[in-house]
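Colleague: Predicted model follows, preceded by the sequence.
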Amino acid sequence: MTRPTIHDVAREAQVSLATVDRVLNNRGGVAAKSLEKVQRAVDKTGYVRDQFAANLSRGRGYRFTFLLPAGQSSFVRSLTTAIDAESTRMRKDRIVVDVRSSKTFDPAAQVAALRRIDPAETDCAAVMVSDVAPVRAELARLRAAGVRILSLVSDVGAGHRDIYVGPDNEVAGRMAGSFMGRFMRNPTGPVLVIAGSLAARDHAQRLLGFRQVLAAEFPGLTLLPVVEGFDDPQRIATLATQAMTDAPLMGLYAIGAGNAGLLAAMGQANAVFRPVTILHELTDTTRAGLRDNLFDLVIDQDPARAVTRAMSIMRDLADGQTVTPDRGDIPLNIFIKENVQ
């Protein structure tokens, strides 16, 4: 069966193509009687407007901005590579993508970067930012100016964006807690958590899920005071080395990035007392740690899938289409030494 066209609508409504075009594109200047005829004809024929074709006919494109953390973490590099690839693939759809950065875990820098986004030149912005009041205020300003907001990987709460695209980070933390306890023959003793920054909603949610599982299922494990590594490899190496020196750790959960430092610390640790170590994101560093038996498990989200999903959703948001929250769900994958390549 062929798809109904604008010609079918005009024929059914017994009006001109120009009248149908004016109704479908909300241009006004159509008599109420003709407007009603077109609307009835659309319902009867089952016509679905091709937004892409409509945009092409008006010479309209899409203007998207990605605001990512600065720095050279493997995960951010993976996101940037995926954005470049998807932008190239979707260039035929008249999509222009501007990738920007702000200092990692620095709300003031994020606010400044958000203020540099021009609403007149931006249809939709995908952001990885801290979930703090000054940042939320800037997001609200952009939304009020007509920019649709997508939070990527780390959420900022439903009231401050149009949709979140990423994994359920609380579930990710619960997974880490469950595997942490199950990997131990006798789950008793201290566990260290190294976060990037607890101002990042994804890190706070992972910690929450991790705490819940340890408290409910492995009460013999004692969570040490959480430390923030700010995704700095040297700082993380120092924190991990110091913790393993102070007392034999049973487990170490690294919530954020900067895992090259953790790899170095584990490589120098006494293998007999090396803690069960669980991390996030499958990168060259975490792969190496799994292969060398320095890391035990990696919880991964596919950055390429997240970017592809985000770009599709951003186009629909720019077109004013309804986007259901489940479209932003990104599944989690588990990697251990035996299934890493």
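Modeller: Sure thing, it's come through. Values in this document were obtained by computation on a predicted structure and should not be read as measured data.
Colleague: And the pLDDT for residue 160?
Modeller: Model confidence at residue 160, given as pLDDT, is 94.
Colleague: Please read the previous query as pertaining to residue 250.
Modeller: The per-residue pLDDT reported for residue 250 equals 96.
Colleague: Check what contacts stretch 140-159 and list those residues.
Modeller: If you take CB atoms under 8 Å, 6 or more residues apart in numbering as the criterion, stretch 140-159 is touched by 66, 79, 114, 117, 119, 122-129, 131, 135-136, 139, 160-167, 169, 200-203, 205, 301, 306, 310, 313-314, 317-318, 328. All C-beta spots, glycine's among them, are computed from the backbone N, C-alpha and C.
Colleague: Name the SS class of the residue lying closest to residue 201 once chain neighbours are set aside, please.
Modeller: Nearest non-adjacent residue to residue 201, counting by CB to CB, 6 or more residues apart in numbering: residue 131, 3.9 Å away. Using DSSP: H, G, I helix; E, B strand; the rest coil, the structure places residue 131 in coil.
Colleague: Quick check, residue 131 in contact with residue 199.
Modeller: Yes. The pair formed by residue 131 and residue 199 meets the contact definition of CB atoms under 8 Å, at 6.9 Å.
Colleague: neighbour-wise, which of the two wins?
Modeller: Comparing residue 131 with residue 199 by other CB atoms under 10 Å, the one with more neighbours is residue 131, at 21 against 18.
Colleague: Provide a list of residues in contact with that one.
Modeller: Counting by CB under 8 Å, 6+ apart, residue 131 makes contact with 154-157, 199-201, 204.
Colleague: what pairs with residue 190 across the strands?
Modeller: residue 222 (DSSP bridges).
Colleague: Now for it, how many residues are close by?
Modeller: By the measure other CB under 10 Å, the count of residues near residue 190 is 17.
Colleague: Pretty sure it sits against residue 249.
Modeller: Yes. Counting by CB under 8 Å, residue 190 sits close enough to residue 249 to count as a contact (5.7 Å).
Colleague: shared neighbours of these two, which are they?
Modeller: Residues within reach of residue 190 and of residue 249 at once, by CB under 8 Å, 6+ apart: there are none.
Colleague: Just say helix, strand or coil for residue 99.
Modeller: Classification of residue 99 using three-state DSSP returns strand.
Colleague: cool, residue 293 as well?
Modeller: Taking three-state DSSP, the label given to residue 293 is coil.
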